[in-house]
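*Asks:* just to be clear, the model below is a prediction. Sequence and coordinates:
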Amino acid sequence: EAQVTQNPRYLITVTGKKLTVTCSQNMNHEYMSWYRQDPGLGLRQIYYSMNVEVTDKGDVPEGYKVSRKEKRNFPLILESPSPNQTSLYFCASRQRGGTDTQYFGPGTRLTVL
Amino acid sequence: AQSVTQLGSHVSVSEGALVLLRCNYSSSVPPYLFWYVQYPNQGLQLLLKYTSAATLVKGINGFEAEFKKSETSFHLTKPSAHMSDAAEYFCAVSDRVTGGGNKLTFGTGTQLKVEL
C-alpha cells in the first residue's frame, strides 16, 4: 500500500530534550515536506526537500532541523524543544512534476512541557 | 506571494442540506488548487484538485468545486450533507513558482458540523 508513515504518533517530552520524528514514504517520491498544524493557523511548511541531500527552509524553520540521506526518509529533528513547538506535525511527499498533489502522513502530536 | 482565505472557521448544516465551504485565493501565476479533508485524529486526505483543465472539478464522497478566475474563488460544495462529512476542510494553493519547493499554502480551515 502506498503510504507515508510517521513515528511516533504521539509524544510528550520536556523542554530541551532532543527528539526526532521519523517520516518514510514508499512511493519513490522525490519531494518531501514537513508541516505543522496549529489551531486557527492551518498548516505551515517547516522544511522541504527536493531530493537526497537537498533541503531548504519553509515558512517556519526556526528550532527545527532535517536531513535527507535516503530518498524514502525525511526525519524532523528538534535539538532543543520548547513549549511553542507543541503542535501537530505532518510529513508529506509528492513526485516530481505532475500536478503537485501531496500525500500526507497520519500526523505526530507533540507536546513539550 | 500566494495566499488562501477560507471564510468561516465553523460551518453547521443539517443532514441533507447543501454544503458550501468558501475559499478565495491569491496567486501570481495560474494556480493549482486543492481541497483536503481531515477527519478527527487522522491525516489529510485529498478531496479534489484543480489543475487548469475543467473548471468544475468532481472529487470523492460527492464533493465538487468550481474554479472561478474572475472571482479568484474555489468554493467546495456538496448537494446533500451526511453525518460522515463532519470534519475539518482545508483549501490550499500550490506554489508553482520555482524556489517554493512545491509548498502548499493552506487556508486556516473550516470545521464542518452536520446536525440531525
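*Replies:* Received, thanks.
*Asks:* residues of chain B that sit close to chain A?
*Replies:* Contacts of chain B with chain A, taken as Cβ under 8 Å from any Cβ of the partner chain, map to B:4, B:9, B:32, B:34, B:36, B:42-46, B:49, B:51, B:90, B:92, B:94, B:96, B:101-104, B:106-109. All C-beta spots, glycine's among them, are computed from the backbone N, C-alpha and C.
*Asks:* 10 Å - rerun?
*Replies:* Residues of chain B found near chain A (Cβ under 10 Å from any Cβ of the partner chain) are B:4, B:6, B:9, B:31-34, B:36, B:38, B:41-46, B:49-53, B:88, B:90-96, B:99-109.
*Asks:* hmm, A:Met27 is touching A:Ser93, no?
*Replies:* Yes: between A:Met27 and A:Ser93 there is a contact under Cβ atoms under 10 Å: 6.4 Å.
*Asks:* re earlier: of the residues of chain B next to chain A, buried ones?
*Replies:* B:4, B:6, B:31-34, B:36, B:38, B:43-44, B:46, B:49-51, B:88, B:90-96, B:100-109 (16 or more other Cβ atoms under 10 Å in any protein chain shown).
*Asks:* give me the subset of those lying in strands.
*Replies:* If you go by DSSP state E, those have B:4, B:6, B:33-34, B:36, B:38, B:44, B:46, B:49-50, B:88, B:90-94, B:104-106 in strands.
*Asks:* quick revisit: which one of A:Met27 and A:Ser93 is surrounded by more residues?
*Replies:* Of the pair A:Met27 and A:Ser93, A:Ser93 is the one with more neighbours under other Cβ atoms under 10 Å in any protein chain shown, namely 27 against 12.
*Asks:* in this structure the more buried one contacts A:Met50, no?
*Replies:* No: using Cβ under 10 Å, A:Ser93 is not in contact with A:Met50; the gap is 11.3 Å.
*Asks:* spit out the residues that contact those two alike.
*Replies:* Listed contacts common to A:Ser93 and A:Met50 are A:30-33, B:102; contacts here mean Cβ atoms under 10 Å, 6 or more residues apart in numbering or on different chains.
*Asks:* what's the PyMOL line that selects buried ones from the residues you listed?
*Replies:* Here is the PyMOL command that selects the buried residues among those (16+ other Cβ under 10 Å):
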select buried, (chain A and resi 30+31+32+33) or (chain B and resi 102)
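*Asks:* which two among the shared contacts of A:Ser93 and A:Met50 are spaced furthest apart?
*Replies:* Greatest spacing in the shared contacts of A:Ser93 and A:Met50, by Cβ to Cβ: A:Glu30 and A:Ser33 (11.5 Å).
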